[in-house]
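Enquirer: Requesting a structural model of the entry that follows:
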Amino acid sequence: MALAAKVNLEIPQGRTFSKVLRWGQPRLAYRQIASASQAAPCIIETATSHSIPDGWMFSVSNARGMADLNSANDDDGNLLRTYQATVIDPTTIEINALNTAGFKPYQGAGIITYNMPVDLAGYAAAAQIRSRIDSAEVLLSLTTENGGIVLDNTAKTITLQAGAVQTAAIDWLTGVWDLELTSGGGLVYPVAAGSVKVFREVTR
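Expert: As a prediction, the model looks like this:
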């Protein structure tokens, strides 16, 4: 598996906190685009089942005609544009944030590319927030055991969550965090890591 993705958390004090993450394999999946609409939002039809989970990120390459749909790379090879899939059916994806009404007509050859999701069956998850990486004190612990993390293997989502009462008790403003998933065989994988910022509650 790849190194942990950089994900910074923002927790609203005194309100329900929820953050949905998705964990992809290094292995890529490729799907041929059969058509792409000139509309808002853009609707993409694939030649065969796309198998992409709802909410998953993907890129587009090689599209002829509707070249503005393509996800160009920067000088370091990083994608400059990715899209979030709203799945309509097994061969139809909506890009809700994209208006292609002014694009040229799609003329074929386009390819959808995405990282295949990790099978979450048998995994347990744990995330800790500390003031610093080397701090002994855990400010907040979220796990699958305490209900702070929910793994959905159908949707392929990892949801971090904390209730309003739990976040109201937070008496710190910043920290660092990471998320690890442990397989049924005991292998530990880093999934996400970053900074944490708490927004103080005004209405209380």
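
Enquirer: pLDDT below threshold where in the protein?
Expert: 1-2, 74-79 (pLDDT under 70).

Enquirer: tally of neighbours for W56?
Expert: 25 (other CB atoms under 10 Å). C-betas here are computed from N, CA, C, even on glycine.

Enquirer: so how far is N96 from the spatially closest residue to it that is not a sequence neighbour?
Expert: Among residues not flanking W56 along the chain, A85 sits closest, at 5.2 Å (CB to CB, 6 or more residues apart in numbering). Remark: distance between A85 and N96 (CB to CB, to the nearest Å) = 9 Å.

Enquirer: Which one's more surrounded, those two?
Expert: Counting neighbours by other CB under 10 Å for A85 and for N96 shows that A85 has the greater number, 20 against 12.

Enquirer: which SSE is A155 in?
Expert: Assessed by DSSP states H and E, A155 sits outside every helix and strand.

Enquirer: right, and it touches P53 too?
Expert: Yes: taking contacts as CB atoms under 8 Å, A155 lies within contact range of P53: 6.1 Å.

Enquirer: Return every residue with contacts to both of these two.
Expert: Counting by CB atoms under 8 Å, 6 or more residues apart in numbering, A155 and P53 have no common neighbour.

Enquirer: residue contacts, the residue nearest to W56?
Expert: With contact set as CB under 8 Å, 6+ apart, A85 has these partners: 50, 52-58, 93-95.

Enquirer: could you redo the last one with a cut-off of 10 Å?
Expert: 44, 50, 52-58, 93-96, 112, 114 (CB atoms under 10 Å, 6 or more residues apart in numbering).

Enquirer: For the nearest residue to P117 once chain neighbours are set aside, give its distance to A162.
Expert: Leaving aside its sequence neighbours, P117 sits nearest to K156 (CB to CB, 6+ apart; 3.9 Å). Per CB to CB, K156 is found 22 Å from A162.

Enquirer: Would you quantify the distance from the residue nearest to W56 to W23?
Expert: 16 Å.

Enquirer: same question, Y30
Expert: As for Y30, its distance to W23 is 20 Å (criterion: CB to CB).
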